[in-house]
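Enquirer: Here is a sequence with its predicted model. Questions after.
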Amino acid sequence: MRKPGVILVCVHKSFMIHSIENHLDRNGYRVVQVTPEVRKIDGIKDESDIILVYLDSMMEYLPKLEDYLKGICVGEEKSLILIGDHMELQNADSYFPPGIVSAKLERPLDMNRMMNIIMKIEYQNKEGTRRKSIMIVDDDIAFLKMLNEWLSEKYQVTMSTTGMQALTYLAKNSVDLILLDYEMPLLDGPSVLAMLRNEPTTVNIPVMFLTGKDDRNSVIQVMSLKPEGYLLKSMERERILNSIEEFFTMQKTARVDS
C-alpha cells in the first residue's frame, strides 16, 4: 500500500524538482506537482496534508498565496514545508509566521533530512498529534515575541498587535485558541471578544485573556465576560505553558465525554 501523496508547489521543472520527485517516489510517496496558483492548489489540496513549497522564483507569488496557505494550514491542518536558499527562506518569514511552517529546508538540499521530516509529520498526523494553533493578540511587542518564543516549540502560533488586525485574520482563518490582551488601545480585549461572539465563524473559538492585574476586582471583571480563562502576564514560562496544556486536555476530555 502506497503512502499518502505530497503536494509539491513550484514555478517550473528543474533538475532539483526532478530529484525531489524521484527521491519521494523511491520512498513510496506519490508526488502531486502544482504551480503556485490558489485555484490550482485548491483543486488538489485534498491529495495530501503535506505541502512542499519550492521557493526558487516564487517570491512574486507569495503575496497571493500567503492568506490561502495560512488558512489551510490552520483551518484544514495542512503541514507546510519550505525549501529554498538562505535568502529565500528569510524572505518567506515575512509571509509565514513560525507556527505556520512545519519545517524549513535550506539548499543545497539534504534529501535524507527531507524524508525524515516528511515521515515524522506523517506519523504525527496519523497519531493525531498535530500541533494546536494559537493566536496571540497583544500590543506589547516585547511580551508578544517572548510568548511566541515560548509557545512555538509546541504550538502553531500567529501573532497580532491590534484587535482589528486579529479580527481581519480570523475572518478568513480559524485557530484553536486566542490569547487576548485585556487592555489595548483603540479596540480593547472585551470589545474584541464581543465581536468574536457576534460572528458565526468565530463564536466558538476559545478565548483566554492576558492581563497584568491580579487584584480581586480586576479578576472578577475579566471573568465576568466569560472567557475560557485568563493568564497573568507575570506568570512564569512553565505556569503559562502548563495552563494552556491543561486547557487543551480538558477540552479533549469534554469532547470524549459529550
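Expert: Thanks, I have it. Residues are numbered from 1 along each chain as shown.

Enquirer: So which elements touch the helix or strand hosting residue 114?
Expert: Counting by DSSP states H and E, the element that carries residue 114 is helix 111-127. Under the contact criterion of 3 or more Cβ pairs under 8 Å, 6 or more residues apart in numbering; DSSP states H and E, helix 111-127 touches strand 3-9, helix 15-26, strand 50-54, strand 79-84, strand 101-106. C-beta: built from backbone N, CA, C; applies to glycine.

Enquirer: ok, 7 Å please
Expert: When contacts are defined as 3 or more Cβ pairs under 7 Å, 6 or more residues apart in numbering; DSSP states H and E, helix 111-127 packs onto strand 3-9, strand 50-54, strand 101-106.

Enquirer: what angle sits between that helix and strand 79-84?
Expert: Interaxial angle of helix 111-127 relative to strand 79-84 (axes from the mean of the first three to the mean of the last three Cα atoms, to 10 degrees): 170 degrees.

Enquirer: For residue 161, which non-adjacent residue is spatially closest?
Expert: Excluding the flanking residues, the one nearest residue 161 by Cβ to Cβ, 6 or more residues apart in numbering is residue 139, at 5.4 Å.

Enquirer: In a markdown table, list the helices and strands packed on helix 111-127 along with distance to residue 176.
Expert: Compiled in a markdown table, the helices and strands packed on helix 111-127 are given as follows (distance: least, Cβ to Cβ, whole Å):
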| stretch | distance to residue 176 |
| --- | --- |
| strand 3-9 | 23 |
| strand 50-54 | 20 |
| strand 101-106 | 16 |
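
Enquirer: all helices for the protein, in order.
Expert: 15-26, 38-44, 62-75, 86-92, 111-127, 141-151, 163-170, 189-197, 216-223, 237-257 (DSSP state H).

Enquirer: Next, the buried residues of the third one.
Expert: With burial defined by 16 or more other Cβ atoms under 10 Å, the residues of helix 62-75 counted as buried are 62, 65, 68, 69, 70, 71, 72, 73, 74.
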